[in-house]
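In: below: sequence and its predicted model.
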Amino acid sequence: MRIGILLLAAGSGSRFGGDIPKQYVEVAGQAIILHTLASLAAESRIAVVQPVLAAGDEHFAALVEDKHYPFELLPAVSGGAERSLSMQRGLDALPQDVELVAVHDAARPLPSRALLADVLDVAERYGAAVPGVAVVDTIKRIDANGKVLQTLQRNTLRAVQTPQVARRVWFEQALQQETGSLHKHTDDASLLEAAGFDVYMSRGDSRNRKITTIEDLNWLESELQDDGGVTR
């Protein structure tokens with residue numbers, strides 16, 4: 001299967017604040033999104049990467065102008081107000097021979113080689129996969145007033161990450177089938193699940209952390225310093 005990545009960077013980053021979108025903040029000498037691309041380059045099966053950016057984004061093209069990657073970095077397309085719309089526009093722009101699609105957050109700069117290999121392996125075998133890590137805290141379900149309704153069994157729970165991977169035709173069918181309720185889906189896997197497709201869990205990694213707050217940024221800087229500024 002020919003594999004393509006949808007690299008989603010169209011969000012507003014409102015929780016992060018600052019003058020520029022979080023994926024362009026410089027850490028250890030380069031923008032976060034460049035660390036992300038370097039991490040993706042470690043998986044040789046990735047043939048193409050399709051960036052999906054906010055309308056009017058003027059940062060990305062300048063950053064990658066002189067960069068070279070083992071995959072084909074396609075011209076960026078503009079995303080939408082909702083993740084599903086960004087995904088739809090990215091899918092439409094992918095070459096027709098891409099059969100397996102991985103949707104990855106640009107602000108997750110440290111997906112390891114092992115994580116990428118495992119999620120692609122599981123998706124190739126079953127049709128769809130997401131990386132997840134075990135939940136260590138006790139999780140309780142509450143009502144609107146904060147009353148505890150249920151304590152969930154954490155051995156059956158996983159905190160999911162990206163890239164979330166599926167057969168291209170599955171994503172396309174799920175988007176079409178769920179057209180009227182796309183706003184309800186908080187990730188790509190939930191869209192597939194609602195459309196009736198089975199999604200399997202692969203191994204996640206605590207270092208595959210989404211940079212959302214200043215605390216996350218400080219963590220990333222520390223991680224990259226420990227690695228000598230090189231992603232793994």
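Out: Nice, I can see it. Numbers count the residues shown, from 1 in each chain.
In: could you pull out the strands in the protein for me?
Out: Taking DSSP state E as the criterion, the chain contains strands spanning 3-9, 26-27, 30-31, 46-53, 72-73, 77-78, 100-105, 128-134, 140-142, 148-151, 158-160, 164-167, 200-203.
In: what's the closest of the ones you listed to D226?
Out: strand 26-27 (12.7 Å; C-beta to C-beta). C-beta: built from backbone N, CA, C; applies to glycine.
In: now what about the closest one, what contacts it?
Out: With contact meaning C-beta atoms under 8 Å, 6 or more residues apart in numbering, strand 26-27 is reached by 32, 35, 109, 217, 220-221, 224.
In: list buried residues within the residues you listed.
Out: Buried subset of these (neighbour count, 16 or more other C-beta atoms under 10 Å): 32, 35, 109, 217, 220, 224.
In: one step back: in helices only, show me the contacts of strand 26-27.
Out: If you go by DSSP state H, the contacts of strand 26-27 have 32, 35, 217, 220-221, 224 in helices.
In: those: which two are farthest apart?
Out: H35 and L217, at 11.9 Å, using C-beta to C-beta across the ones in helices among the contacts of strand 26-27.
In: farthest pair within the contacts of strand 26-27?
Out: H35 and L217 (11.9 Å).
In: middle-most residue in this protein, spatially?
Out: Nearest to the geometric centre of the chain sits H104, at 2.2 Å (C-alpha atoms, centre = their mean).
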